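**Student:** next comes the sequence, and after it the predicted model I'd like to discuss.
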Amino acid sequence: MLLKIFAVFLLLLVAVLAVFYYLIFLKPRVRAKLDFDPEYEKERAANYPPPYPNGWFSLCSSDQVKKGQVIQVDALGQKFAVFRGENGVVGVMDVYCPHLNANLSNGKVKGNHLVCPFHAWEFDANGQCAHIPYCDKIPPQAAAKTWTIKENWGLVLVWYHAEGEAPSWHTDGYLKELEQYKFHSKTSDVLRIHLQDFAENGADYAHFSYVHNLITIPLFKELVNVKHQVEITFSEGHEKHMASFTNIADLAWKHNDQIIPHAGGKAVVTFYGPGFLVFQFSTKVGNMLLVKTFTPLGLLKVRMDDYVYAPKGTWNLAIKYLLGEASAQFHDDINIWEQKNFATKPLLVKGDGPIIKMRQWYSQFYTPSSYIIQQQPATANVTPEPVEVVRSN
């Protein structure tokens, strides 16, 4: 009899543990998707700052463009042709051929040239037409618009500036620890937000106690609260494009508000301009690094890519737990951002946090032309003037 009771107890225990394991580690963290009224979204967007701040933005991951491959990427209100020559060098240009506006991403890579699918004009990585198969004279203006790019952190990054200025800062030399980390996973999502909402969120100290005061472990949220200590600093000089946000989160029992030792964690978030940031999570169960990129697609439409890394040897379940908690907290923010409007003159009180300082820091990424093109693509595709091509005999 005792053996049967023990067996039933053991089965129940296994079942409970299995449920907890599923809820904590396996249950998908799917955020609620909202329906949007396109006309209202235009009105909402008119309240916000320009959709395309100046800076570096992720077009795709490096492994999405293999040698001899070309892909189309939508970003910054337009379309790009991204290709990699046989020499391994990536080229990025406007997707439309300057000849008759055929889509270059439907072409092919030949050696280190991108070949147009329409008339087989060949363009090098600098956008210059290098070969026209039916003509021995190439007009000097036969060139596709190219973009300044870099490959860092396994990403193809493009430099955008409304005034057409060269990069004022670079991504080289940062995140050397990635060499010692192991890549874990990637997720992508499209958000109906403005990039600046995310930046201001870190400076909004007060919301942490009301939006992020619970953890997702079943039953625990009825027993504990999350207490936050937050601080943000803004860099100056040659790193003025950077800001750093620190959040020390402790777990406290609800019944007596006592901190639970070793149960919390620390998150350091570093902004690298408006286009991407890095989360570094440190806890007793493990550490994790999250590279989060924000690429504006259009008015209040941003592609968010998350690249998850962890020190080699990190327990896989620890990564899943940390990622699950971070995703759940972030989904709570997104649900608010996608339904809010921009407060041009916010009514702030003591305890709200340095929101105005964040806006002042973020304003460096807008220049006069940013506002001119607010309702237009990042760079209009202008049909070139007709060029007379002299055919060879």
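**Tutor:** Perfect, I can see it now.
**Student:** the residue nearest to residue 306 when sequence neighbours are not counted: which element?
**Tutor:** Once flanking residues are discounted, residue 306 sits nearest to residue 187: 4.9 Å by C-beta to C-beta, 6 or more residues apart in numbering. The way it works is simple: take the backbone N, C-alpha and C, and place the C-beta from them, glycine included. Using DSSP states H and E, residue 187 sits in strand 181-191.
**Student:** counting contacts, what elements does the helix or strand that that strand is followed by pack onto?
**Tutor:** Scanning forward in sequence from strand 181-191 by DSSP H and E, the next helix or strand is helix 195-203. Secondary-structure packing of helix 195-203 (3 or more C-beta pairs under 8 Å, 6 or more residues apart in numbering; DSSP states H and E): strand 224-234, strand 242-253, strand 265-272, strand 287-298, helix 316-337, helix 355-362.
**Student:** export the ones you listed to JSON lines and tack on mean neighbour count and mean pLDDT?
**Tutor:** Shown next, in JSON lines, are the helices and strands packed on helix 195-203 (neighbours: other C-beta atoms under 10 Å; pLDDT from 0 to 100):
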{"stretch": "strand 224-234", "mean neighbour count": "16", "mean pLDDT": "81"}
{"stretch": "strand 242-253", "mean neighbour count": "18", "mean pLDDT": "83"}
{"stretch": "strand 265-272", "mean neighbour count": "19", "mean pLDDT": "88"}
{"stretch": "strand 287-298", "mean neighbour count": "21", "mean pLDDT": "93"}
{"stretch": "helix 316-337", "mean neighbour count": "18", "mean pLDDT": "81"}
{"stretch": "helix 355-362", "mean neighbour count": "17", "mean pLDDT": "96"}
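**Student:** nearest approach to residue 80 belongs to which of these?
**Tutor:** strand 287-298 (10.9 Å; C-beta to C-beta).
**Student:** count of residues packed around residue 345?
**Tutor:** For residue 345, the neighbour count with other C-beta atoms under 10 Å is 5.
**Student:** follow-up on the earlier one: so how far is residue 352 from the residue nearest to residue 306?
**Tutor:** Remark: distance between residue 187 and residue 352 (C-beta to C-beta, to the nearest Å) = 31 Å.
**Student:** the more surrounded of these two?
**Tutor:** Higher neighbour count among residue 187 and residue 352: residue 352, with 15 against 12, using other C-beta under 10 Å.
**Student:** that one falls within a helix, correct?
**Tutor:** No. With DSSP: H, G, I helix; E, B strand; the rest coil as the criterion, residue 352 is located in coil rather than a helix.
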